[in-house]
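Colleague: Just need the structure, nothing else, for what follows:
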Amino acid sequence: MRFAAAVLRSYEDPFAVEEVVLNTGPAEGEVLVRIAGCGMCRTDLAVRRSAGRSPLPAVLGHEGSGVVVETGGPDTGLLAGDHVVLSFDSCGHCHSCLGGAPAYCDRFAALNLFGGRPEHAARFTDATGRALAPRWFGQSSFAAYAMVPARNAVRVDPSLPLAMLGPLGCGFLTGAGAVLNSFGAGPGDTVVVLGAGAVGLAAVMAATAAGAVAVAVDRHPERLSLAEKLAAVPVHSDSADLPGRIRRLTDGGAPYALDTTGSARLINDALRALRPTGHLGLVARLHTALPLEPGTLDRGRRLSHICEGDAVPGLLIPRLTGLWQAGRFPFDQLIRTYPLAEINEAERDCEAGLVVKPVLIP
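Modeller: Here you go, the predicted model:
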């Protein structure tokens, strides 16, 4: 079948919306999905800075949502017409997957970042027959259609606004999952969130939904204003004695903090703002050594990296849609939609901080 997709041909060029060809139907365990919308994530844009590790040309996009149009057999557990949110790929049989931690799958990098499953190479091409990278995050959903493993397709209520749901598969899942799964935050807790972007604001919303207090730290006044509208206490990241200010706001220190910035200064400030035994989670990829200042990990404080919100997508995504239906996780307030043809404008707006979460509509 032939359909439109946004192809990235080099690390410097803009996306080109063009015709692509899928040469086979769904294999066993796969489903073909007509994409209703796809969020643009910082991980998509980071491909430009991947030092050649992500194969090109490729169709990116890994926050897709849509309708199943064909399945690869009865074992997929899905039917044509099902509404689904697409999340990350995982093998399903390694120690982590069997232990309910698919985000730490032994093959996570290979399946999601570096070309997908090799058995599916060459079945996805451009209109001239040139092979495209097999699959990005099990999806390649900057497109009208995506062929995905049924394992990373989560059925959702068909009454929900399908085109808006894709970011629940990665960005919003990561922020919310860090609060709900990794921290287990609840009433009486405080969660300090460093960086009020899509992941950070999802963490703010999840903390509020869980009955915790959220403190949002950012340098952009408009992001702090948005965080405040979502019930967070806003704090400018350049505040004098930032750790002291947070400790005063949190009655001696926060039990939890989530860094989405990758800033060494803010990471050290966050550690100082924790109470004894407090937990700082990192979700941003660090590209240089992280210098930890003396005393920051004293008294039982700990630091960990959190991948995909420690989530099992099939469990967390329905939980988040239920919270949205109850008015307690208003993620739609963070979204601006763009036609797929305007993907380069969406990328510019995202990089400039003019939009929290772009969603592309094929």
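Colleague: Okay, now the unreliable bits of the stretch 201-350 of the chain?
Modeller: The stretch 201-350 of the chain contains no residues with pLDDT under 70.
Colleague: Mind jotting down where the strands sit in it?
Modeller: Assigned strands in the stretch 201-350 of the chain, in chain order: 213-218, 233-236, 254-259, 274-282, 302-305, 335-339 (criterion: DSSP state E, counting those that start in this stretch).
Colleague: Can you add mean neighbour count and give the ones you listed back as TSV?
Modeller: Heads up, the C-betas are built off the backbone N, CA and C, glycines and all. TSV is the format used below for the strands of the stretch 201-350 of the chain (neighbours: other Cβ atoms under 10 Å):
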stretch	mean neighbour count
strand 213-218	26
strand 233-236	18
strand 254-259	26
strand 274-282	20
strand 302-305	13
strand 335-339	16
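Colleague: Can you tell me which of those is nearest to F172?
Modeller: Distances from F172 to each of the strands of the stretch 201-350 of the chain were compared using Cβ to Cβ; the shortest belongs to strand 335-339, at 9.8 Å.
Colleague: Partner strands of the closest one and their direction?
Modeller: Strand 335-339 has its sheet partners listed here by DSSP bridges as strand 357-361 (parallel).
Colleague: What residues sit buried inside the strand it pairs with?
Modeller: Residues of strand 357-361 classed as buried: 357-360 (neighbour count, 16 or more other Cβ atoms under 10 Å).
Colleague: Equivalent analysis for stretch 319-328, please.
Modeller: 319-321, 323-324.
Colleague: for stretch 149-163, same thing?
Modeller: Burial within stretch 149-163, assessed by neighbour count using 16+ other Cβ under 10 Å, is assigned to 149-156, 160, 162-163.
Colleague: So which of the buried residues of stretch 319-328 belong to helices?
Modeller: When these are checked against helices using DSSP state H, the ones located there are 319-321, 323-324.
Colleague: Which single one of these is nearest to G73?
Modeller: Using Cβ to Cβ, the shortest approach to G73 within these belongs to T321, at 27.0 Å.
Colleague: and that closest one, what does it touch?
Modeller: Going by Cβ atoms under 8 Å, 6 or more residues apart in numbering, T321 touches 156-157, 160, 165, 168.
Colleague: if we go to 10 Å?
Modeller: Neighbouring residues of T321 by Cβ atoms under 10 Å, 6 or more residues apart in numbering: 85, 154, 156-157, 160-161, 165, 168, 329, 331.
Colleague: And for A207?
Modeller: Each residue near A207 by Cβ under 10 Å, 6+ apart is listed here: 175-176, 178-180, 183, 185-186, 189-193, 213-216, 230-232, 256, 258.
Colleague: same thing with F183?
Modeller: With contacts defined as Cβ under 10 Å, 6+ apart, the neighbours of F183 are 177, 189, 191, 203, 206-207, 210, 212, 255-258, 279, 281, 306, 310.
Colleague: How about V312, nearest residue that isn't a chain neighbour?
Modeller: Once its chain neighbours are removed from consideration, V312 has its nearest residue in G100; the separation is 5.9 Å (Cβ to Cβ, 6 or more residues apart in numbering).
Colleague: which ones are touching that neighbour?
Modeller: The neighbourhood of G100, defined by Cβ under 10 Å, 6+ apart, consists of 310, 312, 315.
Colleague: Which one of those sits in the busiest neighbourhood?
Modeller: Each of the contacts of G100 was scored for neighbours by other Cβ atoms under 10 Å, and D310 scores highest at 22 neighbours.
Colleague: show me what contacts it?
Modeller: For D310, counting by Cβ under 10 Å, 6+ apart, the contacting residues are 100-104, 173-174, 177-178, 180-183, 281, 304, 316.
Colleague: Now with 7 Å, please.
Modeller: By Cβ atoms under 7 Å, 6 or more residues apart in numbering, the contact list for D310 reads 101, 103, 177, 181-182.
Colleague: buried sites along stretch 68-88?
Modeller: Judged by neighbour count using 16+ other Cβ under 10 Å, the buried positions of stretch 68-88 are 68, 71-72, 76, 78, 82-88.
Colleague: ditto for stretch 29-49
Modeller: Buried residues in stretch 29-49, counted by 16+ other Cβ under 10 Å: 29-33, 35-44, 47.
Colleague: still on that earlier bit, tell me the one of the buried residues of stretch 68-88 nearest L340?
Modeller: Within the set of the buried residues of stretch 68-88, L86 lies nearest L340; the separation is 15.8 Å, counting by Cβ to Cβ.
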